[in-house]
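Asker: okay, here's the prediction I keep looking at, along with the sequence it came from:
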Amino acid sequence: MIYTVTFNPSLDYIVKLPTLELGSVNRTAKEELYPGGKGINVSIVLRNLGVESTALGFIAGFTGTEIQRLLDACGCRNDFIQVQEGFSRINVKIKAEQESEINGQGPRLSSQNLQDLFSKLENLSDGDGLVLAGSIPNTLPADIYEKILEHLQGRNIHAVVDATGELLRNVLKYRPFLIKPNNHELGELFGQHLTTDEAIISHAQKLQQMGARNVLVSMAGDGAILVDEGGGIHKRLPPQGHVVNSVGAGDSMVAGFLAGYLSSQNYETAFQTGLAAGSASAFQEWLASGDDIRALLKTM
């Protein structure tokens, strides 16, 4: 079983309008409402690819109830912790001449809420996967990823970490199965601007020396590079298509990689499936379906 953790899930309210006039009443041309959060995105795309997962995290209030309802409606298994105070955040994404976002704060989490999460993590067993993705709410310890991986040491858990900066650097000592920085985030870890494939590969290998088993670097329109734990280097341009929405593309890549690896135990297959999944979601209004991903994979 794969478990994903989303510390601060959201309802993503996406509005489209021809122009946005500040200080005036604006009327939308189209509206959509989706469950949001990096771990949740991974769980949804895994489900679309026929891989069962359980979405963990914290929800609160009427918005939390709606997040859970939307996941139930799409057949995505979840086991959220109910927070008593506040409500899950609403993120407003405005698509006009330019894209703008207003992200909510979310509920305040208590030490008991955190203990409840650790209790749920006790259900993980040998060979299970755990995806930790996204930022940490300011109500939680900044080293929460480290605490979770330390807690699970010695249990053969395949940890996947999609985070940035020190949050990522500090978990490398726990030998995560997969990390997925983009090329800019990879460069920032070393205080450099990486402009060539050779430089990206070299710095991905440095992260392996620091503990990461597999390093998947996403590069938007330039595709992706995987440096696998066997020393293999995989590089591909993305399939052709029109980019509609980049939100969730990286999460989809993680889900595709995991689905591809589980079905084949082969890193090239995992890499191709991840790239197809990330691209397919970028070509959609929201997250790609399994059919979208499989159709794109056939073109690669």
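Answerer: Received, thanks.

Asker: going forward, measure contacts and count neighbours with C-alpha atoms only.
Answerer: OK.

Asker: so where's the protein uncertain?
Answerer: Within the chain, no range satisfies pLDDT under 70.

Asker: what ranges does it have for its strands?
Answerer: For the chain, the strands defined by DSSP state E occupy 2-6, 10-16, 30-36, 53-60, 81-83, 89-95, 99-102, 129-133, 158-162, 178-179, 214-218, 224-227, 233-236.

Asker: okay, now the sheet partners of the first one, with direction.
Answerer: What that stands for is strand 2-6. strand 53-60 (parallel), strand 129-133 (parallel) (DSSP bridges).

Asker: tell me how far the last one lies from the chain's centre.
Answerer: Going back to what we said before, that points to strand 129-133. 9 Å (C-alpha atoms, centre = their mean, to the nearest Å).

Asker: on that earlier part again, ok, and which of the strands of the chain has the densest surroundings?
Answerer: Neighbour counts (mean count of other C-alpha atoms under 10 Å) averaged over each of those peak at strand 178-179, with a mean of 27.

Asker: what's that one packed up against?
Answerer: strand 158-162, strand 214-218 (3 or more C-alpha pairs under 8 Å, 6 or more residues apart in numbering; DSSP states H and E).

Asker: ok, it: who's next to it in the sheet?
Answerer: strand 158-162 (parallel), strand 214-218 (parallel).

Asker: now those strands in TSV, with distance to residue 29?
Answerer: Formatted as TSV, the strands paired with strand 178-179 follow (distance: least, C-alpha to C-alpha, whole Å):
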stretch	distance to residue 29
strand 158-162	34
strand 214-218	33
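
Asker: residue 235 against residue 222, yeah?
Answerer: No. Using C-alpha atoms under 8 Å, residue 235 is not in contact with residue 222, being 9.6 Å away.

Asker: which one of the helices and strands packed on strand 178-179 lies closest to residue 298?
Answerer: The closest of these to residue 298 is strand 214-218. By C-alpha to C-alpha, the value is 20.3 Å.

Asker: what residues does that closest one touch?
Answerer: Strand 214-218 has contacts (C-alpha atoms under 8 Å, 6 or more residues apart in numbering) with 176-183, 186, 204-205, 207-208, 224-229, 250.

Asker: contacts only, for residue 142.
Answerer: So residue 142 contacts 136, 167 (C-alpha under 8 Å, 6+ apart).

Asker: would you mind measuring from it to residue 130?
Answerer: 19 Å (C-alpha to C-alpha, to the nearest Å).

Asker: before we move on, the earlier item: which of the strands paired with strand 2-6 sits closest to residue 268?
Answerer: Here strand 129-133 is closest among the strands paired with strand 2-6 (C-alpha to C-alpha), at 19.2 Å.

Asker: surely residue 204 meets residue 228?
Answerer: No. Under the criterion of C-alpha under 8 Å, residue 204 is not in contact with residue 228, lying 9.7 Å apart.

Asker: what number of residues lie near the closest residue in space to residue 287 that isn't next to it in sequence?
Answerer: Spatial nearest neighbour of residue 287, excluding adjacent residues (C-alpha to C-alpha, 6 or more residues apart in numbering): residue 281 at 4.8 Å. Neighbours of residue 281 under the rule other C-alpha atoms under 10 Å: 27.

Asker: contact partners for residue 281?
Answerer: Contacts of residue 281 (C-alpha under 8 Å, 6+ apart): 245, 246, 248, 249, 252, 287, 288.

Asker: which one of the residues you listed sits closest to residue 66?
Answerer: residue 287 (18.1 Å).

Asker: tell me how far the closest one lies from residue 19.
Answerer: 25 Å.

Asker: between these two, which one's more packed in?
Answerer: residue 287 (26 against 13).

Asker: now do the same contact list for that one.
Answerer: If you count contacts by C-alpha under 8 Å, 6+ apart, then residue 287 has 41, 44, 45, 248, 249, 252, 280, 281 around it.

Asker: equivalent analysis for residue 23, please.
Answerer: By C-alpha under 8 Å, 6+ apart, residue 23 has no neighbours at all.
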